[in-house]
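Engineer: Build me a structure from this.
(chains A and B)
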Amino acid sequence: MDTTALANLLFPEVTETPADLEQRYPPRNLPEGARVCRMAPSPTGFMHLGNLYGAIADERLAHQSGGVFYLRIEDTDQKREVAGGVETILDTFSQYKLPFDEGATLTGDSGAYGPYRQRQRASLYHVCARWLVLQGKAYPCFLTEEELTAMRETQAAEKLNFGCYGDFARYRDTPIDLIKSLIDSGKPYVVRYRSEGDLSKRIAVDDLIRGRLDMPENDQDVVLLKADGIPTYHFAHVVDDHLMRTTVVVRGEEWLATLPIHIQLFGAMGWKPPKYLHTASLMKMDGGSKRKLSKRKDPELALSFYSEKGYTVAAVKEYLMSLLNSNFEDWRAMNPEKPLEDFPFSPKKMGTSGALFSIEKLDDVSKGVVSRMSADEVYGELTAWADRYDPDFAALLRRDEAKTKRMLAIGRGGKKPRKDITAWSDAKTYLSFFFDETFTPDYTLPETVPAGAAKEMLAAYADLYNPADDSGEWFAKVKQLACNFGYCDDMKAYKQTPENWPGSVADVSNVVRLAIAGRPQSPDLCEVMQIMGPEMVRQRLDRMMGAL
RNA sequence: GGCCCCUUGGUCAAGCGGCUAAGACGACGGCCUCUCACGCCGUAAACAUGGGUUCGAUUCCCGUAGGGGUCACCA
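Structural biologist: Numbers count the residues shown, from 1 in each chain, chains lettered A, B, ... in the order given. So this is what the prediction gives:
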């Protein structure tokens, strides 16, 4: 076979060789140990937890080592591409504060190893594919979709492995004249790698978290270039990660099965493969068993889910980091105030089996994160969230900015801060009683207080109430009120012999709480009343008395 | 079906030949307490299974089972 003639027939426009590309994209000049990692999403308009999970590992690995973290857009599948897909990707990474050093931008590229969109790299893949053809390692294949399907059925019937290999690779040794006439007749074709691999032979590959892997060689003639001349993932990965000088490829474990293909292709090109780090997939409990999170079935996989609920960026990252590195939680407990970037991230600490995503755990992490924020920070983030998802609420927050901040400051800042807020959507619930517009009281009284008594208590309290009272004076008055109505003002005594009283000071204070907050729970009532001010307090006392 | 990965409480997980098998979330109970939230104390709860190797296996090896993934001109 005259491979030169075949190469010229297939790639008449190609004049360069891989050696030329080596020159154009020389090895990076980086200090020893610096890692080059990439985030390589498809612009499908859908960013999910898995993307972020891997990206955090990429970003940490790169930046912690003084290396490069770059963005490459894998747009080789036009069918799945969505308008604005790249914008979504860029927005997500800027929102989650994972800064790229180079890569695709909204309008083009930034960096010396571009282009960073695979479709724009077509000529690069062609140079490499042509070279493989020249070496006799690649050939055009004219198998149609129907023929491929039929092949698979035969293979299934005969209990053989699926795929295009050995004798099934019918176009391997097609004479060049026939190839030429098929091409001239307009028959579409793909370019396949001609595999010399043998399933009975083994290869060893090292994975950064799994250690040495022992796998069979690849014997499949995989597609390098699709009929439209655009590469498949396999070929694009090899060409791009080599020419872009990636040193660590972080990707999901679903790529483990095709790793022998990649190793084979790197070998065929005469290139050294990068290091690999295959992450465990995020799982979810479904019925009785675990399964990989699916974007069709699981709304919580989409990052937009967390934005809408108002989970903070910091909380989602912290939670993901705790899944990524098992010792992160301990480190965080020791270093509650340090930025995430100070944590010494290590691939060795990553787990190999799929972690079940737990929203309860996220909530716990989230409460901790929010409780450590200042009232001003909470106000700022909450308002920004409301601007986007709940403008009416945002307007209330702005109108009463100073008071809202004081409300948010209750129980904040000490050693043991309150943890009422998980995400901004429930901050709204938490604050709802504070604004007349969202105040929807439920005046269900404690069982120990009849309506008539409650009304009298409120009237009596209205007389006692002094806006200037501090918490000591405030509570003294509530106790006095309790006594006046024959309720016990000593909780210890009451718990010993509850039958001696109609109820306790807790019930009495809850009547007042009901009037002020419209519900049986609230943060420190005295503080709340001070923030509301006498006018609002009296209004609310009157409102409840009227309702009873 | 072939191949690959994985297997410690409900969940996330320490462990890396000898331990009463950590810790966290969740659950439950209690304390604190004017409610709630916090905090504190406590309880229940695990090495999938069968063979080896060894004085000794959660830990090493093999098998089995189970779970997951992958076998596209998708990534």
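Engineer: quick one: the strands in the stretch 201-350 of chain A?
Structural biologist: Applying DSSP state E, counting those that start in this stretch to the stretch 201-350 of chain A gives strands spanning A:202-207, A:211-216, A:223-225, A:248-252, A:275-279, A:283-286, A:289-292.
Engineer: Report the angle between the fourth one and strand A:275-279.
Structural biologist: Between strand A:248-252 and strand A:275-279, the angle formed by their directions is 20 degrees, by axes from the mean of the first three to the mean of the last three Cα atoms, to 10 degrees.
Engineer: Check which helix or strand the closest residue to A:D489 other than its chain neighbours maps to.
Structural biologist: Excluding the flanking residues, the one nearest A:D489 by Cβ to Cβ, 6 or more residues apart in numbering is A:K479, at 4.1 Å. Placement of C-beta: from N, CA and C, glycine included. Assigned by DSSP states H and E, A:K479 belongs to helix A:471-484.
Engineer: which helices and strands sit right next to that helix?
Structural biologist: Packed against helix A:471-484 by the contact rule (3 or more Cβ pairs under 8 Å, 6 or more residues apart in numbering; DSSP states H and E) you find helix A:451-464, helix A:505-517, helix A:525-532.
Engineer: Chain A - how does it break down into domains?
Structural biologist: A:3-15+A:122-279, A:375-438, A:451-547 (automatic domain parsing).
Engineer: what about stretch A:9-16 and RNA strand B, any contact?
Structural biologist: No - using Cβ under 7 Å from any atom of the strand, stretch A:9-16 never reaches RNA strand B; the gap is at least 14.5 Å.
Engineer: end-to-end on that stretch?
Structural biologist: 15 Å (Cα to Cα, to the nearest Å).
Engineer: ok, so what distance separates A:L182 from A:Y171?
Structural biologist: Distance of A:L182 to A:Y171, given as Cβ to Cβ, to the nearest Å: 9 Å.
Engineer: about what we covered before: do you know which of the helices and strands packed on helix A:471-484 lies nearest A:T422?
Structural biologist: Closest approach to A:T422 among the helices and strands packed on helix A:471-484 is made by helix A:505-517 (19.5 Å; Cβ to Cβ).
Engineer: Which positions in that closest one come out as buried?
Structural biologist: For helix A:505-517, a neighbour-count test (16 or more other Cβ atoms under 10 Å) marks A:505-517 as buried.
Engineer: next one: stretch A:128-140
Structural biologist: For stretch A:128-140, by 16+ other Cβ under 10 Å, it's A:C128, A:A129, A:R130, A:W131, A:L132, A:V133, A:L134, A:K137, A:A138, A:Y139, A:P140.
Engineer: Looking at these, which is nearest A:D490?
Structural biologist: A:C128 (84.4 Å).
Engineer: Pull the contacting residues for the closest one.
Structural biologist: A:P18, A:L21, A:F235, A:V239, A:M269 (Cβ atoms under 8 Å, 6 or more residues apart in numbering).
Engineer: circling back to that earlier point, run the chain-centre distance for the helix holding A:K479.
Structural biologist: Averaging C-alpha positions (Cα atoms, centre = their mean, to the nearest Å) puts helix A:471-484 50 Å from its chain's average.
Engineer: I'd like the next helix or strand past that helix.
Structural biologist: helix A:491-496.
Engineer: So what touches that next one?
Structural biologist: For helix A:491-496, using Cβ under 8 Å, 6+ apart, the contacting residues are A:C488, A:N500, A:W501, A:S504, A:V505, A:A506.
Engineer: Chain neighbours aside, what residue packs nearest to the fourth one?
Structural biologist: Meaning A:S504. A:Y494 (4.2 Å).
Engineer: Near RNA strand B, which residues of the stretch 201-350 of chain A are found?
Structural biologist: So far as Cβ under 7 Å from any atom of the strand goes, the stretch 201-350 of chain A lies against RNA strand B at A:210, A:213-216, A:220, A:223, A:226-228, A:230, A:232-233, A:253-258, A:280-281, A:283, A:285, A:289-292, A:322-323, A:326, A:329-330, A:349.
Engineer: and A:D58, backbone torsions?
Structural biologist: phi -60, psi -50 (degrees, to the nearest 10).
Engineer: dump the residue contacts of it.
Structural biologist: A:C37, A:R38, A:M39, A:F69, A:V248, A:V250.
Engineer: distance between the ends of stretch A:196-210?
Structural biologist: 27 Å.
Engineer: coming back round to it: list the buried residues of the helix holding A:K479.
Structural biologist: Those would be A:W474, A:F475, A:K477, A:V478, A:K479, A:L481, A:A482, for helix A:471-484 by 16+ other Cβ under 10 Å.
Engineer: That helix and RNA strand B, any residue contact?
Structural biologist: Yes - counting by Cβ under 7 Å from any atom of the strand, RNA strand B has neighbours in helix A:471-484: A:S471, A:F475, A:V478.
Engineer: Only alpha carbons, please: show that helix as CSV.
Structural biologist: Extracted C-alpha coordinates of helix A:471-484, given in CSV (Å, rounded to 0.1, in the frame of the first residue of the first chain):
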residue,chain,number,x,y,z
SER,A,471,-33.0,42.2,78.0
GLY,A,472,-32.8,41.9,81.8
GLU,A,473,-35.6,44.4,82.3
TRP,A,474,-37.6,42.9,79.5
PHE,A,475,-37.5,39.4,80.9
ALA,A,476,-38.3,40.7,84.4
LYS,A,477,-41.5,42.1,83.1
VAL,A,478,-42.5,38.9,81.3
LYS,A,479,-41.9,37.1,84.6
GLN,A,480,-44.0,39.6,86.4
LEU,A,481,-46.7,39.2,83.9
ALA,A,482,-46.6,35.4,84.4
CYS,A,483,-46.9,35.9,88.1
ASN,A,484,-49.8,38.2,87.8
